[in-house]
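1. Build me a model:
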Amino acid sequence: MTLDRRTLLRAATGFAAGAALLPATARQAGAAAPFRNDVPPAWYRFRLGGYEATVISDGRLPLGKPEPAFPASPPEEIVGLLRGNFLPPDAATLEQNVLVLNTGRQLILFDTGMGESMGADSKMFGPTTGRMLANMRAAGIQPEQIDLVVLSHAHCDHCWGLVDAAGNRVFPNAQVALSEADLRYWTDDGNKRGPAFMTSFIDGAKKNLSAYQDRMVMVRDGADVAPGVTAISTPGHTVGHTCYTIESDGRSMVYTGDLAHHHILLLQRPMWEFSFDTDPKLSAQTRSRMLDRLAADRQAVLSYHFPWPGHGHVAKAGQGYVWVPEPMDLTSAG
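-> Coordinates of the predicted model:
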């Protein structure tokens, strides 16, 4: 059928006349939908051999202006690296990727996020942290199901979620694994010196770790913390910082904790020092050595602070490294 110009003109005129008869509210095509500022549950699940891994977000951890976090680094180089990778040059933001490993026999939690145990101090990095428990429950995991909490170290964003504000255990049936060096250091009031954050970090570690003092497991380099989970001593960020190799059915992944905080700044410049390191020079040496190993072995990685969900690989690039995220299977994502 062919429509001539006269037929089209009559149809258009009829439509306009009909529209004029509609109420004004109907002619507005509906009001715009309101903005949604709520944050959806954030969890991601994948298989590692015979194990099931679930990454739980504790929320973003904003560092603010990056220069104070990298005090020995040239400010113009920091800005250049961030801009060159399409990141804001005046705001460094880290993720908090908490790992829950289901081995079929145990539920093992790696680190705990900021939690709510220290009141206002629990929000020292802003209101976007402390979401682990809500996201864990959204992923179908209850805190009383956790058998073992494995800590990479005893900083606030890794152990302050062990207890609630009243000091009660959040994971009532769990043991807690930590290096003895970190346990001693972060519960010693004699170390309340140097940076201003040390007092709150030590007070928070004492409150959270003391609640599990009869359930502590001391982590040793090269030893299994649980079947298929082996400790790798990586000191520097803290005196007893530890990474963990997870192996099952020929598949492996390294949970790196705070080996490197930023996927651009501390991969492309692995020898840069970070202000929250207990021993910045040792931390840089450990980081460079471990990153070289991960890249050479083409080892899968779960990084606590890298972009969500922190699952990927490290590849050598010039004098540094680049982060290669693992493609997400969205049929498993929360």
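
2. my read: Asp258 touches Gly240, true?
-> No: Asp258 lies out of contact with Gly240 (CB atoms under 8 Å); the separation is 12.0 Å. C-beta here means a position set from N, CA and C on the backbone, and glycine is covered the same way.

3. Quick check: neighbours shared by those two?
-> Common contact partners of Asp258 and Gly240 (CB atoms under 8 Å, 6 or more residues apart in numbering): His153.

4. Point out where the stretch 201-334 of the chain drops to low pLDDT.
-> Within the stretch 201-334 of the chain, the set of residues satisfying pLDDT under 70 comprises 331-334.

5. dump the residue contacts of Arg215.
-> Neighbouring residues of Arg215 by CB under 8 Å, 6+ apart: Ala174, Gln175, Val176.

6. and the strand or helix carrying the last one, which strands flank it?
-> Following DSSP states H and E, the helix or strand that holds Val176 is strand 175-179. Paired strands of strand 175-179, with direction, are strand 148-150 (parallel), strand 216-219 (parallel) (DSSP bridges).

7. Contacts for the longest one next, please.
-> I take that to be strand 216-219. Contacts for strand 216-219 (CB under 8 Å, 6+ apart): 148, 150, 175-180, 183, 209, 225, 231, 240, 242.

8. Now distance to Gln106 too, for those residues, in CSV please.
-> Shown next, in CSV, are the contacts of strand 216-219 (distance: CB to CB, whole Å):
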residue, distance to Gln106
Leu148, 6
Val150, 11
Gln175, 10
Val176, 14
Ala177, 12
Leu178, 17
Ser179, 20
Glu180, 22
Leu183, 22
Leu209, 21
Val225, 11
Ala231, 16
Gly240, 23
Thr242, 18
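
9. related to what we said a few turns ago, tell me which helix or strand comes right after the strand holding Val176.
-> helix 180-185.

10. got the contact list for that next one?
-> 151, 153-154, 191, 209, 216, 218-219, 235, 238-242, 278.

11. can you count the residues close to Pro270?
-> Applying other CB atoms under 10 Å, we find 22 residues neighbouring Pro270.

12. quick one: contacts for the closest residue to Pro227 other than its chain neighbours?
-> Nearest in space to Pro227, with sequence neighbours left out and distances taken as CB to CB, 6 or more residues apart in numbering, is Thr103 at 6.7 Å. Contact partners of Thr103, counting by CB under 8 Å, 6+ apart, are Gly50, Tyr51, Ala226, Pro227, Gly228, Ser248.

13. out of the residues you listed, what pair is the most spread apart?
-> Gly50 and Ala226 (13.9 Å; CB to CB).

14. before we move on, back to that, can I get the buried part of the contacts of strand 216-219 as one ChimeraX selection?
-> Buried members of those, defined by 16 or more other CB atoms under 10 Å, are picked up in ChimeraX with:
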select :148,150,175,176,177,178,179,183,209,225,231,240,242
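
15. quick check, nearest of the contacts of strand 216-219 to Trp308?
-> Using CB to CB, the contacts of strand 216-219 come closest to Trp308 at Val150, 20.6 Å.

16. Helices of this structure, start to end?
-> For the chain, the helices defined by DSSP state H cover 5-20, 24-27, 75-84, 132-138, 156-159, 180-185, 197-210, 265-268, 280-296.

17. Now Ile56: closest residue in space, sequence neighbours ignored.
-> Leaving aside its sequence neighbours, Ile56 sits nearest to Val98 (CB to CB, 6+ apart; 4.4 Å).
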